[in-house]
Every structure is written in C-alpha cells, then in structure tokens.
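S.K.: Structure for this input, please:
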Amino acid sequence: MERSSTMFRRVRDAFVPRHFADPFGLALRLLRSRSPEALYAMGSAALRPLLIPVDVLLSSAERRTLARARAPTRPILFVMGPPRSGTTLVALSLIRALRVGYLNNLTALFPRSPITANRLLGRPIHPERVTLKNYYGRTARLCGPNDALYLWDRWLGADRTRPPAEISREAADALVRFFGAWEALVDAPLVAKNNSLNGSAALVGALLPTARFVCLRREPLRLAASLLDARRHILGDASDSYGIDDPSRPRLADPIQDVVRQLRFHVALADQQRAALGERFVDLAYEEFCRDPVEHIVQLGARELGMKVEPDDVRRRIPPLQVSRREALPASELAQLERALAEAPGCLP
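M.R.: As a prediction, this is how the structure comes out:
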C-alpha cells in the first residue's frame, strides 16, 4: 500500500505542482466553469501522460539541438508582475499585435522536447490566431501562448512559491541554450510571460543580455481581491499562497491579512528587480494599459523589441479593453481588505 501511494504521488507531482493540495477539487471547479480555456487545459493535462513515450523518444534530438544552440541575439521581452496583476492580458496583446515569437501550448504536451515537437509539427506558432481570452492565464489550442512553467522549473527550481536565491551553472547554461534554440526556431523577437520572474528577473537578466522586463502593477484593492479569489478558486484554500511568496515569514491565520502581506512582498520584490536591472526594467500600470493599449504596445514594440509598429495595425488587431471590475468577493470582505491595505505601508508600488 505504501509503495502504491508513493508511486501515485510521483505520477501526480509530474503533472500537478506540489503546492496544489486539492487537484481533484480544482478539476471540479474547472469543469463547472465551462470555460473553453479551462477545459482545454484539462484535456491537455489528460493527454500528456499518453504522449510520454513520444516525448522521451524525441528528447535525444532535443538534446542535440540544445547542444548546438548559441545564446540568443534578438530582443526578448518578459512580462512579469504579481499574480492577477494583468500580465496575461498584456502578454497576449503584445503577441497578437506585434506578431512575435512565443512559447505555445504544444510545449506542455512535450516538455522534454518542446523545440523538436514544434519543428516536426510545423511550428504551430500563429500570433494572428491568438485571442485575448484566457482562464487564469490558460489559453486554448496548440498555438495558444503558454507560461511554460514546467520549463522554467528546470532553471528556477520546482518550488513555484518561493524565488530562487541563485541559478546553478548547469541550469544557467540550459536556460541560455533553450532561448537561443527557440529564437532559431521562430526567427523573431520573443515575448514570454512568467509571474515568477518578479523574484528572479535580475538572475535571468544577467544570463540573457538581450532580455528586457515589463512589470505590471495594479490598483492594490483590486489586485488583493483577485489574488484572494484565485487562492480559493485555483488552490481551494484562501490560506495558501497563489504564486511566489516570502519563505521567511509564517502564514497569517487571517487570509485577508496574509494576502496583504503577500502583496507587500511582491512590491518589495519588484523594487529589487528594478534596482538591479535599471533601464532594462519597465513599469506598466494595468489600468493605464487598458485605457490606451495601442499607445503602450507601439511604445513597447519600438523601445523594447526594436520593431517598427504602425498604430493602425495594432488597432485592427486589438479590441478596446476595459479595466476588470468584476467583484470576486462579497462587499464585507472587500471592506476588510480595504482597511487592511490602509493599515499596511508598502502596498503601493
């Protein structure tokens, strides 16, 4: 019985992050959502174990590709920030408007051989088919953008709840070679999103000189409310951290106070990355981006990616955006959050 339990945990951990304490409850919540993006994510997760033999078979070719890879030379723009701060919307908008390279959902089916699988299947990277629809960062279709956290786990470590103190020499070499090989595959500047970079952008930036980082910030009350909602909906427990958190401090018994503490931690993290990266670090307010996405996309494309971008082209590809005002929490909890934020210095970026 103990051996069977151990084997089950190993299989589960291969496909579900270890900090997800209730994967079955999550599956039920995804089904109830009826979101096409959520259902696609579930289907992809179910298909992935069946593709392991093919993935393993392709991994030898992947290793040869990475061994030949050189460091990337084109611009890379990483979208980062606290979870639920608008990073997905900004990344999807940039990908659709600028027609850049990106990491796609196919990589989730072949995590050992993402480059080889994309090459064999005709490189299903189609920015023109990318939509802004997503479910907590998940998109639909093979060509949909993906955070590819399972790839980042190789370089930053498998614990997605805490920022790494360093990147080992072996992991650093693998990271540089991967992005060099991916650049050779897509032959274009790259846009990629990873909220965890809020705690490791400086480490990654030191390895990738052509990388730039755009960090999202959001009105604190809306951000804290959305973060608390995500804890409940995705993790199934408001007391669990959604995304990276401060490993040196114990969890607070009150989820509202704990979310505020996590928000303060992210503000401090962003300050650290900004100080280390200098002009390679760009602040972007979610609300300002929604008010004028065309202007911000044109500026980011020109300044950070070196692309000539016509505003009219962006306007044809990006619909008008609205700041999300969906009330995920009851009014009583919003009032408690507002009081907690007012009493906590350091929550404003």
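
S.K.: What residues does the nearest residue to R317 once chain neighbours are set aside make contact with?
M.R.: Residue nearest to R317 in three dimensions, not counting chain neighbours: A97, with 4.9 Å by C-beta to C-beta, 6 or more residues apart in numbering. Placement of C-beta: from N, CA and C, glycine included. Residues in contact with A97 (C-beta atoms under 8 Å, 6 or more residues apart in numbering) are I297, G301, V309, D313, V314, R317, I318.

S.K.: Okay, now the unreliable bits of the stretch 1-150 of the chain?
M.R.: Along the stretch 1-150 of the chain, the model assigns pLDDT under 70 to residues 1-27.

S.K.: mind listing the strands in it by residue range?
M.R.: For the stretch 1-150 of the chain, strands defined by DSSP state E, counting those that start in this stretch occupy the ranges 76-80.

S.K.: Need the buried ones from the contacts of A97 selected in ChimeraX.
M.R.: To isolate the buried ones among those in ChimeraX, judged by 16 or more other C-beta atoms under 10 Å, type:
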select :297,301,309,314,317,318
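
S.K.: Outside of stretch 103-111 itself, list whatever touches it.
M.R.: 40, 44, 47-48, 51, 54-55, 58, 114, 116-118, 121, 124-125, 139-148, 150-151, 182, 192.

S.K.: looking at it, V90 is touching C215, isn't it?
M.R.: No - at 10.2 Å, V90 does not count as touching C215 under the criterion of C-beta atoms under 8 Å.

S.K.: any residues in contact with both of those two?
M.R.: By C-beta under 8 Å, 6+ apart, the residues touching both V90 and C215 are L284.

S.K.: Distance check, I167 against D147.
M.R.: In this view, I167 and D147 are 18 Å apart by C-beta to C-beta, to the nearest Å.

S.K.: Please say which of these two ends up with more neighbours.
M.R.: The residue with more neighbours, out of I167 and D147, is D147; 22 against 19, by other C-beta atoms under 10 Å.

S.K.: Please give me every residue in contact with the more buried one.
M.R.: For D147, the contact set (C-beta under 8 Å, 6+ apart) comprises L103, G137, K193, N194, N195.

S.K.: of these, closest to L203?
M.R.: Nearest to L203, judged by C-beta to C-beta, of those is N194 at 12.2 Å.
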